[in-house]
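Trainee: Predicted coordinates and the sequence they were generated for:
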Amino acid sequence: MRFLAVLATALLAACQPQTAEKPRPVSMTAEATGHYCQMIVLEHEGPKAQAHVAGLDHPLWFSQVRDVIAFLRMPEETGEVRAVYVSDMSKASSWTEPGPDNWTDAQTAHYVIGSERRGGMGAPEAVPFSEKAEAEAFAEAHGGEIVSLADIPDAYVLAPVDVTPTGATEAGKDEGEASR
């Protein structure tokens, strides 16, 4: 009889939905390559992101935060995203070195959009901060507005942008013509 009670308890526990623990952020290493660009993430300036997707042993890496937000909003990306972390620029030593372990949850971060700063791939960036006061100071120094993840417009992360480097010449024109 006792065996049947233990068996029934075990069967009931097996029928309960399993809630997997939220993955923790992973340290960014030289092996981290961007999900879209397939380039080494550490070779790019500005904040980065990592997305933990169910069924994958390692996070997907993004060379700039704008790209992970696009990833979250594109209907063709169908994997179950279990966690997203973004560089915490409140703790970064500089724009060029946001740090391999300075992560904050993408859902709770404060983002500065529309600033003069460009992300690692040259596109406008959504600059994340864990501390609102740090986001305010950044916006004061570099322009932009502070928003939550949900309030970042789709067009800000999905629309095409000109990523021509400053000082580059247009195709088919020589240096003198391009600088006019």
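Mentor: Now that the structure is in, tell me what you want to look at.
Trainee: can you list contacts of stretch 155-164?
Mentor: With contact meaning CB atoms under 8 Å, 6 or more residues apart in numbering, stretch 155-164 is reached by 66-67, 69-70, 73-74, 113-114, 118, 121-124, 126. Backbone N, C-alpha and C define where each C-beta goes, glycine included.
Trainee: quick one: which of these sit in strands?
Mentor: Mapping these onto strands (DSSP state E) picks out residue 113.
Trainee: So which of the contacts of stretch 155-164 sit within helices?
Mentor: Counting by DSSP state H, the contacts of stretch 155-164 place 66-67, 69-70, 73 in helices.
Trainee: isn't residue 120 right next to residue 42, touching?
Mentor: No: Residue 120 lies out of contact with residue 42 (CB atoms under 8 Å); the separation is 9.6 Å.
Trainee: okay, the two: which has more neighbours?
Mentor: Taking neighbours as other CB atoms under 10 Å, residue 120 and residue 42 compare with residue 120 leading, 25 against 18.
Trainee: quick one: pLDDT of the more buried one?
Mentor: Here the pLDDT value assigned to residue 120 is 87.
Trainee: Could you check how many residues crowd around the closest residue to it other than its chain neighbours?
Mentor: Once flanking residues are discounted, residue 120 sits nearest to residue 44: 2.8 Å by CB to CB, 6 or more residues apart in numbering. When neighbours are defined as other CB under 10 Å, residue 44 has 20 of them.
Trainee: Please save the CA atoms from stretch 69-78 in PDB.
Mentor: Extracted C-alpha coordinates of stretch 69-78, given in PDB (Å, rounded to 0.1, in the frame of the first residue of the first chain):
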ATOM      1  CA  ILE A  69      15.800  43.800 -29.800                       C
ATOM      2  CA  ALA A  70      15.200  43.200 -33.500                       C
ATOM      3  CA  PHE A  71      15.700  39.500 -32.900                       C
ATOM      4  CA  LEU A  72      13.000  39.500 -30.200                       C
ATOM      5  CA  ARG A  73      10.500  41.300 -32.500                       C
ATOM      6  CA  MET A  74      11.000  39.400 -35.700                       C
ATOM      7  CA  PRO A  75       8.200  36.900 -36.300                       C
ATOM      8  CA  GLU A  76      10.600  34.500 -38.100                       C
ATOM      9  CA  GLU A  77      12.600  34.000 -34.900                       C
ATOM     10  CA  THR A  78      10.500  31.300 -33.300                       C
END
